[in-house]
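Colleague: sharing a sequence plus its predicted fold:
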Amino acid sequence: MELTTAVSVSNAYVDKGYRGHNYEGDAKIHLAGSSSRKLTRTQKRRRKRRSAVEPKIGHLKSDNRMRRCFLKGLTGDAINAVLAAAGSNLQKLLRALSPALVFWIRSLFLEAL
């Protein structure tokens, strides 16, 4: 199964490792750490959003043994991202439900005594 959806990109927010790639295309490249004086409010917000998402992905990969993607191609990358997001959502769900589960388990043990 290959991804066949084509999306045109107008702005790309990249880190400093992207410098020197000599990209020629329609998209405007925004390097992280460069001056933000001339950016619009929306562009500043997008740059901050990128800075918030990158560490989250890094923590997901290091905490859940997802250091390397062993799945092939673009589909494998997409599956890896979906699995990382699902793992994050499950952690949030368990964190939210843990007080109720502890209360329920304690009440079961107290009834048994």
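Modeller: Everything's here; your move. Residues are numbered from 1 along each chain as shown.
Colleague: for the lowest-mean-pLDDT helix or strand in the chain, packing partners?
Modeller: When the helices and strands of the chain are scored by mean pLDDT, DSSP states H and E, helix 41-63 comes last with a mean of 75. Helix 41-63 sits against strand 11-14, helix 73-112, with contacts defined as 3 or more CB pairs under 8 Å, 6 or more residues apart in numbering; DSSP states H and E. For glycine as for every other residue, the C-beta is placed from the backbone atoms N, C-alpha and C.
Colleague: turn those into a markdown table, including distance to residue 47, mean pLDDT and mean neighbour count.
Modeller: Compiled in a markdown table, these are given as follows (distance: least, CB to CB, whole Å; pLDDT from 0 to 100; neighbours: other CB atoms under 10 Å):
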| stretch | distance to residue 47 | mean pLDDT | mean neighbour count |
| --- | --- | --- | --- |
| strand 11-14 | 6 | 78 | 14 |
| helix 73-112 | 21 | 86 | 11 |
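Colleague: as CSV, the ones you listed with distance to residue 29 would be great.
Modeller: Formatted as CSV, the helices and strands packed on helix 41-63 follow (distance: least, CB to CB, whole Å):
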stretch, distance to residue 29
strand 11-14, 5
helix 73-112, 21
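Colleague: distance of residue 35 relative to residue 104?
Modeller: For residue 35, the distance to residue 104 (CB to CB, to the nearest Å) stands at 55 Å.
Colleague: which ones are touching residue 97?
Modeller: Contact analysis of residue 97 by CB atoms under 8 Å, 6 or more residues apart in numbering lists nothing.
Colleague: grab the nearest non-local neighbour of the residue nearest the centre of the chain.
Modeller: In the chain, the centroid-proximal residue (CA atoms, centre = their mean) is residue 57; its distance is 4.3 Å. Once flanking residues are discounted, residue 57 sits nearest to residue 84: 6.7 Å by CB to CB, 6 or more residues apart in numbering.
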